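Peer 1: below are the sequence and a predicted model; questions follow.
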Amino acid sequence: MRKVMLTGDRPTGKLHVGHYVGSLRRRVELQNTGDFDDIFIMIADAQALTDNADNPEKVRQNIIEVALDYLACGLDPEKSTLFIQSQVPELCELSFYYMNLVTVSRLQRNPTVKAEIQMRNFEASIPVGFFTYPISQAADITAFKATTVPVGEDQMPMLEQTKEIVHKFNSVYGETLVDPKILLPDNEACMRLPGIDGKAKMSKSLNNCIYLSEEPEEIKKKVFSMFTDPTHIRIEDPGRLEGNTVFTYLDAFCRPEYFPEFLPEYKDLDELKAHYKRGGLGDMKVKRFLNNVLQAELEPIRNRRKEFQKNIPAIYDILKKGSEKAEAVAAETLRDVKAAMKINYFDDLELIKGQAEKFSE
Ligand code: TRP
């Protein structure tokens, strides 16, 4: 079977290091293995509009920011198709048919949508488009016959919904759609990178993000303001690792080679953690190390971004070509779907012949 990867992001802001360790870094690694027959990376503008209907300018402005972040991280348009969701109208058509296979009560049970409704104070009046976006996400995934969807844990309910639609569709209309697999980050820190304040999740509205395009001074300031262990007051005090943001970030970002480079007194992260727990290791020293690690990780990304920023029209061109390719692939799936659903009247010569015979009797 063909191996196809698909994933994407809503263009509501620049991407941050939570996006990076949660999915972006993995996508680039997977891209570079050469294991996939096709890779689609989608800027989900139509989905962003489901809760930003009154702010189209925000979505429009952030398309290029997300595209720049993608390219800066190493997504390569020669290997991965980068495209814009709204430019593939077949996705809407697929969503419309999938809607018949999903109940309102099933959508109401989606925990991610439930949490988002609360966060946005939508309880009293939920836009229908927002409420049904898990169905549109199933269209995104199935249109490209994706087998692998690398995303964060919060997207698990969308994948479950997609699988249900695939199974239902295939059992009602015959084997047509491909069952996708979710690919989650492989460690806890990457799964749920907290904001610099130690709050649950990095988010623009909480003002606790480190962006991929952040300048060195800003990164440093943010690292030094990070939440650690509030009971670790003097250097000699034993420190706690649970909920200690600096150590969570080290779990997500540290590579073995950073120890000889930046902190040669320690063999590895386990040794550093043991010393912190025992007492005698100050927060400042750990923060200085984390700052070095983050600077080393983000510098090449920031520099590549600046290169790509020099030719913005070329990036729109990449997205346009990608959208054209994506549309061609989605159109093929839509053709299969319509045939399976028996709504391909004009392509079905058997139908026309059969009807002609019926009326000539
Ligand atoms: N829901 C995803 C997010 O909020 C974006 C997205 C839209 C997506 N369609 C997708 C992700 C399909 C993976 C597959 O970031």
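Peer 2: It's in.

Peer 1: what sits against V178?
Peer 2: By Cβ atoms under 8 Å, 6 or more residues apart in numbering, the contact list for V178 reads M1, V4, T142, K145, A146, T147, V166. In short, each C-beta sits where N, CA and C put it, glycine included.

Peer 1: now tabulate the residues you listed in a markdown table and tack on neighbour count.
Peer 2: Listed next are the contacts of V178 as a markdown table, based on neighbours: other Cβ atoms under 10 Å:
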| residue | neighbour count |
| --- | --- |
| M1 | 7 |
| V4 | 20 |
| T142 | 26 |
| K145 | 23 |
| A146 | 23 |
| T147 | 20 |
| V166 | 20 |
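
Peer 1: show me which residues of this protein are close to the ligand?
Peer 2: With Cβ under 6 Å from any ligand atom as the criterion, the chain meets the ligand at residues 6-10, 42, 44, 47, 137, 140-141, 149, 151, 155.

Peer 1: in strands, which of the contacts of V178 fall?
Peer 2: Among the contacts of V178, the members found in strands (DSSP state E) are V4.

Peer 1: and the contacts of V178, which is the shakiest by pLDDT?
Peer 2: Lowest pLDDT of the contacts of V178: M1, 88.

Peer 1: and the nearest residue to Q108 once chain neighbours are set aside, what pLDDT?
Peer 2: Counting by Cβ to Cβ, 6 or more residues apart in numbering, Q108 lies nearest to K114, which is 7.6 Å off, once chain neighbours are set aside. pLDDT, K114: 92.

Peer 1: gap between K114 and Q161?
Peer 2: According to Cβ to Cβ, to the nearest Å, K114 stands 13 Å off from Q161.

Peer 1: of the two, which one has the most company?
Peer 2: Neighbour count, other Cβ atoms under 10 Å: between K114 and Q161, Q161 has more, with 24 against 13.

Peer 1: A strand includes the more buried one, no?
Peer 2: No: read with DSSP: H, G, I helix; E, B strand; the rest coil, Q161 is helix and lies in no strand.

Peer 1: ok, and the closest non-adjacent residue to it?
Peer 2: Nearest residue to Q161 in three dimensions, chain neighbours excluded: P134, at 4.4 Å (Cβ to Cβ, 6+ apart).

Peer 1: ok, that neighbour - contacts?
Peer 2: By Cβ under 8 Å, 6+ apart, the neighbours of P134 are L107, N110, V113, P157, M158, Q161, T162.

Peer 1: likewise for K222?
Peer 2: Contacts of K222 (Cβ under 8 Å, 6+ apart): I196, I210, E214.

Peer 1: next up, the contacts around the closest residue to the last one other than its chain neighbours.
Peer 2: Right, the one you point to is E214. The shortest distance from E214 to any residue other than its chain neighbours is 6.7 Å, reached at L298 (Cβ to Cβ, 6+ apart). With contact taken as Cβ under 8 Å, 6+ apart, L298 is in contact with V17, L212, E214, I219.

Peer 1: could you find the lowest-pLDDT member of the contacts of P134?
Peer 2: When the contacts of P134 are compared, V113 shows the smallest pLDDT, 92.

Peer 1: which parts of the stretch 1-150 of the chain are helices?
Peer 2: Ranges of helices in the stretch 1-150 of the chain, per DSSP state H, counting those that start in this stretch, are 17-19, 25-33, 45-49, 56-73, 90-98, 104-108, 111-119, 128-131, 133-143.

Peer 1: quick one: closest of those to K353.
Peer 2: Closest to K353 of the helices of the stretch 1-150 of the chain is helix 90-98 (Cβ to Cβ; 25.9 Å).

Peer 1: any idea how far that closest one is from the chain center?
Peer 2: In terms of Cα atoms, centre = their mean, to the nearest Å, the centre of helix 90-98 is found 21 Å from the chain centre.

Peer 1: if we can go back for a sec, neighbour-wise, which one of the contacts of L298 leads?
Peer 2: Top of those by neighbour count (other Cβ under 10 Å): V17, with 26 neighbours.

Peer 1: just give the nearest non-adjacent residue to that one, would you?
Peer 2: Nearest non-adjacent residue to V17, counting by Cβ to Cβ, 6+ apart: I210, 4.8 Å away.

Peer 1: now do the strands in the stretch 151-300 of the chain.
Peer 2: With DSSP state E, counting those that start in this stretch as the criterion, the stretch 151-300 of the chain has strands at 181-183.

Peer 1: and the residue of it found nearest the ligand, what does it touch?
Peer 2: Across the stretch 151-300 of the chain, the shortest distance to the ligand (Cβ to the nearest ligand atom) belongs to V151, at 5.0 Å. Applying Cβ under 8 Å, 6+ apart, we find V151 in contact with T7, G22, S23, M158, L159, I182, L183, L184.

Peer 1: give me that answer again for 7 Å
Peer 2: Taking Cβ atoms under 7 Å, 6 or more residues apart in numbering, we find V151 in contact with T7, S23, I182.

Peer 1: tell me if I'm right that the first one and P150 touch.
Peer 2: Looking back up the chat, that one is T7. Yes: T7 is within contact range of P150, at 5.3 Å (criterion: Cβ atoms under 7 Å).

Peer 1: is it true that D283 touches M226?
Peer 2: No: D283 lies out of contact with M226 (Cβ under 7 Å); the separation is 8.7 Å.
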